[in-house]
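Novice: I'd like to go over a predicted model; first the sequence, then the structure.
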Amino acid sequence: DSLKDQLKHELSELRVEVHRTRTLVGDYNRDSDFELPALTAPEVSVKSGDPNGLNYHHRVLLHKISPGKWVTLTPDLDLEIHDLNVRRHVVLGRHSGFPDQYVDEAYVFEEISRNELERQKRLAKTMGSILDDGEIADVAASQWVVADPSSSRFGKSLPFELVGDISGIGTYGVVQWDGEVEYVREMNIDDISGFVDERKESLGDLRTLGDHRDGAGKRYLGFKDALNLLRETKFEDWPFLGPRAVREYLHAIRDGPGDLATYHLSWVRSSGVVAGSAIVHEHHSLCEALRLALSKDQIDVSNLASFEHLTRRLLTLEIAVARSPGSPDFTGLEVVAEAPVAATGQAYVSSMSSWITEKLKEKANIQKQSRLFKEEFLKKTGKGVDDDDKSKKWKKQKGKGGKSSGGADGSATLNKLGLQSPNSYSQSVLSSRLPLNSTQQCVCDRVEQSLAMHGGPPDGLTCEKALETLKGVKTGYDGVPSNLAPFDSSKLKILATSVAPQHIKQFLPPEARKLVTSPQDFVLKPPSAEQPGFRPYWDPVLRYNPKKRLGFILDLFKAGLLVLRPAVASHVGVFFVKKKSPDAIRMVIDCRGTNELCQDPPTTRLGSARCYSDLRLERDDDQSESLAWGREADVNDCFYRFSIPELAHYFGINHPLSAREWRQHGLEFDTIYDPHLRHDIVVDDDTPLYPCFRAVPMGWNWALFLCHEAVLEIAQRGAPWEDGVLREKRVTPQLTEFRTILGVYVDNITILGKCKTDVEHRCRLLEKAFADAQIPITWSQQSAVERLESVGCVLDLKNGVIHNKPHRVWKFALATGALLKRRKLSSEVLQVWTGHFTSLCSIAPWGLAALQQVYRFIQKSNGKRLEVWPSVRAELKMASSLAWLTWRNLSAPIMKTVETGDASTSGYALMACYPDEQLTWQSMRVHEKWRFISMPAGLKDAAIKPDLEQFSLLLSDLLKPVHHDDQDETSETIGYVRHSKAAAVSTEYGQQVLNSLREGSMLKTSAARAQVHAKPSRRFDLEIPALVQPLDDYFADSSKYRLLWARRWKYVDENIQMKEGDREKFIDFIALGRTMLMQLLQCYYNMTYT
């Protein structure tokens, strides 16, 4: 008995570890140990009968129930009860191999993991507790959990079906879960919560944010979500002094624009920095590095010294630009505004800015004291004081709004143009001790009237804000507008309506309808092997958030703007720009890639402000009656009311889904139009389909032409009489010729008439025409009025005056003042400024004569910032003052005297004649520049030979009327030639061209000859302005003229364009009345009014 007890004691203390191997019993290596780690129970080989002839079975003793009675584990991983008191067994020693006499006949374990062994031990303990007489033990259950703190599944239990796929050692392993490899660990269920709490603070690597993916399985982490995961940690070896900047900087951006891409665009617009400069490029690159680090790399930038360095560089750029937008100064910094994003567009980082300010406090103090010393010194010496006092006294004397300054500048500019004296430009008053003569008084009255007409400055509009607004349409270095607005579905009005675009072909006139009917011939370029690669611009929110982009696409489907296509020819992007109202944005389609695949559209002849300025309003005997009446309407969502479904695949959105997925999102369709087969087809559920714009996209190069022609065609339907239609480069119809005049500028419709009842009646029929077309319009007035705003101008029909909107003039004048403060300017800014000035001068083109050196400066700078030339500053100042004078008196009588002159760099001459008033008026109606449009090559060759017969034949073919199937044969319409646009005019012009080519002809230097030698364009325009009748022979008869003077210039170095500027109004025969002509005459007669 004592020997038996001693044996049991030794067995209970024995640790037998078995080596893990996949070798079968028959291939087992006798010399190796079969080791089972962490086994604390004895192990025996029990002999028993086996049908396969194996007489010994390997057992692992897991739990003791009673003396000699154990719960054992079989090689088949089954638990059995074995009584060693009645069974033969052989005890294996620690780290010993199988005995040689048994190994060939033993049924042993295959590979078994530590985890499986531990699990079996727990089950055996539970079974033993049930069979034992003692109290049942509470055995803790175990579970596999994700143990990587950086994983999004950290602490989650592994699904049971994945437990068998674990690869690892012991209680540690890795497993693939939904395509992602996760680090897992087996532990007691009671220990899981403590483990998660313990590791939550560390979250693994402090430099990472985890592995986050979107619905498509791509790495993506939203900006705001990434900021919530940043955990700024203190490091003893942090290389930078002062407070940390990254986290505070990013939180300021989150509280402001909301994301890094929008923040960069907002900063460029608001800071005043020069668009396209090196600082803007660097700022964009640094912001993009931060965005990629958070969204793609998913690293904790607040704990990385490299990104601390990048962020501090961003702060340096922004503070330098905030101090001097035009010329950033890196030698000192201003105090940062107390807001998430300051008014200058700069992010507010309080602690970082405070630290920088402290470091520069001493230097700034020295600079301040130096400035104060200079000011005090100048006061004592009397220098620099008179000008300030004089300007303050002048402003105070003349009142608010700077009108007196505008008058002084205007007078100085007119003196400069008229007197050609450097001293004349320094005069700053409108009166002198001598009384004004009639001409001077007329000019003085006009200047004062001009300033009174525009009123005071708009509230809150400063020079810098005006310049910022002026540059709002300028595109940035990335080719997109700088007045971008972030996506906000609540501000996009088009999403709240159901547009239902209609095929534009039914609304086009026959000439334009032919182009749309055969787009392969007239709209699209011939297919080429090399398609231009282009990546359209997308709103940052929609580009980087597929879920929001899909929601936006579905909203466009609900609005009726999209269709599905099985393939696309070109991709487009979508972005948004600000509208006048802050609670609304406008959607713009980036069609630049599509435009590369399309031919240039025909020239769009809009009813622009220049057309209205050529109106001649005659007053009746009743002076109290208005000269005319008018009313204006807007077409609601004009571009989206029309569609060209045959070309929808050229406006595809690169967000394809299968047909099944589109149906799951609520889209219902049975067939899909295939643009290649040109008919509807049935698609499978797995066929990928692309969303495409069915509406005419704003941004397509043909959209303006097609929509304008469609609106004009609808407006003319149902007219009770023939309307006079306003079109650029066409003779302006007059109210003496038509009862009503129709002006269309794409979605803007204006009706003018002499009689109010005629205007009201015409408006009712126009409203009915658009209602029949199912296109809504909105009237700006309840009825016909005497004063209205249209195409950027104010039409004062009661007094017969047209002028630019006062807000536009004030904005231009104040923005010019901001430009004059800058030492350097770039060509891009001046190009935008010149465009605005040209637009203001559309109703008074003579103002453009003030510009000459500006064009040279733009060409010279070539995108670079150069120091502004004094001559350019002078022209900027002149243009600013001339902007107030850009208006016309439409009721002024025609000047009886017509003056013709010319000038060279050395001298000038002027002659006068006195034609009949009707002859002068007919000559004035055609602008001279129209006569210089290039002639077709065939006509030019026939004219040079000269071959009158061939010339007439070619001209007749081009002008031959075309009859369409859907048109009455009695009505004639001008047909479109493949590469030209024809218009019906008299072929007498051909004879005039031939006559002009003959040696000795009076017309050999005329516009007709200039057309013959003009450079041909790729697509020529053959239209009415190109083939107008020449001037009457009266103006070519030298006997009709008398010489006024022929002199040499007093200042030969002056700009000849400036000298000729106002007189060219006479050369063009656009004499609009004595009021303007007397102002101009003072330039010719070298008169002064100072």
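Specialist: Received it, and whenever you're ready, just let me know what you need.

Novice: mind checking the SS state of G901?
Specialist: Following DSSP: H, G, I helix; E, B strand; the rest coil, the label given to G901 is strand.

Novice: I figured it was touching C913, is that so?
Specialist: No: applying CB atoms under 8 Å, one finds G901 not in contact with C913, separated by 11.7 Å. No exception for glycine: its C-beta is placed from N, CA and C like everyone else's.

Novice: common neighbours of these two, please.
Specialist: Residues touching both G901 and C913 (CB atoms under 8 Å, 6 or more residues apart in numbering): none.

Novice: so what are the sheet partners of the longest strand belonging to the chain and their directions?
Specialist: Counting residues, the longest strand found in the chain (DSSP state E) is strand 56-66. The strands beside strand 56-66 in its sheet (DSSP bridges) come out as strand 43-47 (antiparallel), strand 69-73 (antiparallel), strand 106-107 (parallel).

Novice: roughly how far does W887 sit from E786?
Specialist: According to CB to CB, to the nearest Å, W887 and E786 sit 17 Å apart.

Novice: which one of the two is surrounded by more residues?
Specialist: Neighbour count, other CB atoms under 10 Å: between W887 and E786, W887 has more, with 23 against 16.

Novice: residue contacts, the more buried one?
Specialist: W887 neighbours (CB under 8 Å, 6+ apart): 450, 453, 801-804, 843-844.

Novice: quickly list what it is bridged to.
Specialist: Going by DSSP bridges, W887 is paired in beta bridges with H803.

Novice: from here on, count from 15
Specialist: Fine by me, first position is 15 from now on; the one you just mentioned is W901.

Novice: tell me the pLDDT at it?
Specialist: Note on W901: pLDDT of 90.

Novice: ok, now C927?
Specialist: C927 is assigned 92 on the pLDDT scale.

Novice: how close does it get to E913?
Specialist: 8 Å.

Novice: same check on P342?
Specialist: To E913, P342 is 52 Å away according to CB to CB.

Novice: how about the helices in the stretch 215-364 of the chain?
Specialist: 237-243, 260-269, 274-285, 292-306, 319-337, 364-395 (DSSP state H, counting those that start in this stretch).

Novice: list the buried residues of the shortest one.
Specialist: Of the residues in helix 237-243, those scored as buried under the neighbour-count criterion (16 or more other CB atoms under 10 Å) are 237, 240, 243.

Novice: got the contact list for the second one?
Specialist: With contacts defined as CB under 8 Å, 6+ apart, A240 is in contact with 223, 308-309, 312.

Novice: do the same with L538
Specialist: 611-613.

Novice: beta-bridge partners for it, please?
Specialist: C612.

Novice: what is the burial count for the closest residue to G469 other than its chain neighbours?
Specialist: Nearest residue to G469, sequence neighbours excluded (CB to CB, 6 or more residues apart in numbering): P820, at 5.4 Å. When neighbours are counted by other CB under 10 Å, P820 registers 16.

Novice: and S853, by the same measure?
Specialist: 16.

Novice: what bits of the stretch 915-1064 of the chain have low per-residue confidence?
Specialist: Across the stretch 915-1064 of the chain, the ranges flagged by pLDDT under 70 are 942-951, 953-954, 957-960, 962, 969-1044.

Novice: try 90 this time
Specialist: Along the stretch 915-1064 of the chain, the model assigns pLDDT under 90 to residues 915-924, 930-1052, 1058-1064.

Novice: tell me where the stretch 815-964 of the chain has strands.
Specialist: For the stretch 815-964 of the chain, the strands defined by DSSP state E, counting those that start in this stretch cover 815-818, 838-840, 879-881, 901-903, 912-917, 921-927.

Novice: got these as TSV, with distance to Q873 columns?
Specialist: Output for these, formatted as TSV (distance: least, CB to CB, whole Å):
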stretch	distance to Q873
strand 815-818	28
strand 838-840	13
strand 879-881	11
strand 901-903	31
strand 912-917	24
strand 921-927	27
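
Novice: quick one: closest of those to F653.
Specialist: Nearest to F653 among the strands of the stretch 815-964 of the chain is strand 815-818 (26.1 Å), distances taken as CB to CB.

Novice: packing partners for that closest one?
Specialist: Where contact means 3 or more CB pairs under 8 Å, 6 or more residues apart in numbering; DSSP states H and E, strand 815-818 is packed against helix 452-468, helix 623-627, strand 807-810, strand 901-903.

Novice: all helices for the stretch 865-1014 of the chain, in order.
Specialist: With DSSP H, counting those that start in this stretch as the criterion, the stretch 865-1014 of the chain has helices at 867-875, 884-896, 931-938, 951-958, 962-973, 1002-1011.

Novice: any idea of the angle the second one forms with helix 867-875?
Specialist: So the one you mean is helix 884-896. With axes from the mean of the first three to the mean of the last three CA atoms, to 10 degrees applied, the angle from helix 884-896 to helix 867-875 works out at 130 degrees.
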